[in-house]
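Visitor: sequence plus predicted model, see below.
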Amino acid sequence: MYNWARGSASISLSIRSRCCRRRDEPPTLLKSTTTNPTTLNENEWPSGWSLLKAAGIAAIDIFAQSMNYTGVSLAGPTIFAIIYSSVTIWTAVYSRVLLNRHLTIYQWVGVGTVFGGLLLTCFHSFQLGRQVFLGSCLIFVGSSIHALGYVISEYIMTRGKLEYRITVRANCAIQGLVAC
């Protein structure tokens, strides 16, 4: 038996032994849950609005990745790798703005340093030609939108009224179905 407990919520998983089940019943994995009223139930289907939000995030991410792939074809893989690493920086900034997450002063100095280096890379690409500069700009914006998708996904899973939130499993499933 596996147990997981945190606060007043607990989940227990167990496999029925052979002697406890009927002969015509296949072996199953039973899940018994005891949750508090502030948690989502994994067994309930999310509301239509929650599904629409998850599908919208996937559509936004498809657009962002299209920008990134177009940018890499114009700017090249080296510049792409440098600029695409800004996803982490954008995620920190969007987390501060949308999720009210706090960063230490050292973390903000790191964000500023990396962001400054990325801007230099982007503007230096202008010397390599207009197409490379355009590709760099597409990657820069595409990386930002991609990071925004991460933060909005967390937002719809953790913020707002409980009935409008979506579970991690449902969010991944909907975004995966939309994206494929």
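Guide: Happy to help now that I have it.
Visitor: alpha carbons only for contacts and neighbour counts from here, please
Guide: OK.
Visitor: quick check, distance from the helix or strand containing residue 90 to the centre of its chain.
Guide: Per DSSP states H and E: residue 90 is located in helix 87-99. Its chain's C-alpha centre lies 12 Å from the corresponding centre of helix 87-99 when counted by CA atoms, centre = their mean, to the nearest Å.
Visitor: swap in stretch 147-161?
Guide: With CA atoms, centre = their mean, you get 8 Å for stretch 147-161.
Visitor: ok, now stretch 158-172?
Guide: Distance, centroid of stretch 158-172 to centroid of chain: 13 Å (CA atoms, centre = their mean).
Visitor: rewinding a little: beyond the helix holding residue 90, next helix or strand please.
Guide: Helix 87-99 is succeeded, C-terminally, by helix 105-124 (DSSP H and E).
Visitor: quickly find the element holding the residue positioned nearest the centre of the chain.
Guide: By CA atoms, centre = their mean, the chain has its centre lying nearest to residue 150, at 3.2 Å. Residue 150 belongs to helix 130-158 when assigned by DSSP H and E.
Visitor: measure how the helix or strand that that helix is followed by sits relative to helix 130-158, angle-wise.
Guide: Using DSSP H and E, the helix or strand that follows helix 130-158 in sequence is helix 168-179. For helix 168-179 against helix 130-158, the angle by axes from the mean of the first three to the mean of the last three CA atoms, to 10 degrees is 140 degrees.
Visitor: buried ones in helix 168-179?
Guide: 170-172, 174-175 (16 or more other CA atoms under 10 Å).
Visitor: pLDDT and distance to residue 57 for those - can I get that in TSV?
Guide: TSV is the format used below for these (pLDDT from 0 to 100; distance: CA to CA, whole Å):
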residue	pLDDT	distance to residue 57
170	84	13
171	85	10
172	84	11
174	85	10
175	87	7
